[in-house]
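A.B. asks: give me a 3D structure for the following:
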Amino acid sequence: LDLPQGARVLDLCCGAGASALEAARRVGERGRVVAVDVSSRLLEHARRRAAREGLSNLDFVLSDATRLDVADATFDAVVCVFGVFFAADRPSFVDEMRRLTKPGGRVALTTWGPHLFEPANSIFWDAVGVLRPDLRRSFNPWDDLVTPDDVAALFDENDFHPPHVELIEGVHHLTGPQGF
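C.D. replies: Here you go, the predicted model:
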């Protein structure tokens with residue numbers, strides 16, 4: 001996002017804080033990052049990580065990221081890293097992100113691509129299915145938001161024109177089952 005020093009950033013679905021901490025480093029002491037998640041355990045983990053790094057420009061908020069009681073146009077950037085696909089109403093969630101972003105600010109989200117964690121993912125779920133067929137997963141919430149066109153369509157539904165969508169190829173190298 002090329003976040004400038006002093007920027008105000010909202011990180012929705014921040015989890016253990018990876019993107020929030022990076023944003024805090026980039027905006028510096030004059031900037032502020034508000035990191036939101038529904039998991040108190042993940043937020044506590046993120047708080048500990050921020051404390052270890054001496055980052056004091058973060059606020060961690062336990063809340064549903066789709067329903068924030070925050071004024072319009074509060075943030076220079078609103079990000080959601082690997083979380084948008086969990087929203088029951090994705091177009092409304094994207095609209096909420098836009099509402100919270102200042103004019104000229106940026107909204108950024110990431111999602112997984114197709115065939116996430118393959119072939120390990122299929123092997124894992126096939127093994128689960130042998131022992132517990134009732135737990136066998138046939139659908140992940142991110143399965144229908146995996147291509148640049150899928151992401152662009154989500155922004156188009158909210159009249160974000162034109163969204164910049166970038167596909168970044170990557171591979172997670174695993175040296176064995178423990179890595180998975």
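A.B. asks: could you check how many residues crowd around Leu3?
C.D. replies: Burial measure for Leu3: 21 neighbouring residues, criterion other CB atoms under 10 Å. Any C-beta I mention is one placed from the backbone N, CA and C, and that applies to glycine too.
A.B. asks: assign a three-state SS to Val171, would you?
C.D. replies: Here Val171 is recorded as coil under DSSP: H, G, I helix; E, B strand; the rest coil.
A.B. asks: do Asp2 as well
C.D. replies: Reduced to three states by three-state DSSP, Asp2 is coil.
A.B. asks: all helices for this protein, in order.
C.D. replies: Using DSSP state H, the helices of the chain run over residues 18-27, 40-53, 90-100, 120-131, 148-156.
A.B. asks: report the buried residues of the longest one.
C.D. replies: For helix 40-53, a neighbour-count test (16 or more other CB atoms under 10 Å) marks Leu42, Leu43, His45, Ala46, Arg49, Ala50 as buried.
A.B. asks: and the nearest residue in space to Asp95 that is not next to it in sequence, how far is that from Val84?
C.D. replies: The spatially closest residue to Asp95, leaving aside those adjacent along the chain, is Asn158, at 5.0 Å (CB to CB, 6 or more residues apart in numbering). Applying CB to CB, to the nearest Å, the value for Asn158 to Val84 is 12 Å.
A.B. asks: if you count what's nearby, which of these two comes out ahead?
C.D. replies: Neighbours per residue, other CB under 10 Å: of Asn158 and Val84, the larger number sits with Val84, 23 against 18.
A.B. asks: bridged to the residue nearest to the more buried one when sequence neighbours are not counted, which residues?
C.D. replies: Closest residue to Val84 in three dimensions, ignoring its sequence neighbours and counting by CB to CB, 6+ apart: Leu109, at 4.8 Å. When assigned by DSSP bridges, Leu109 has beta-bridge partners Cys80.
A.B. asks: number of nearby residues for Leu109?
C.D. replies: Here the count is done by other CB under 10 Å, and Leu109 has 24 residues near it.
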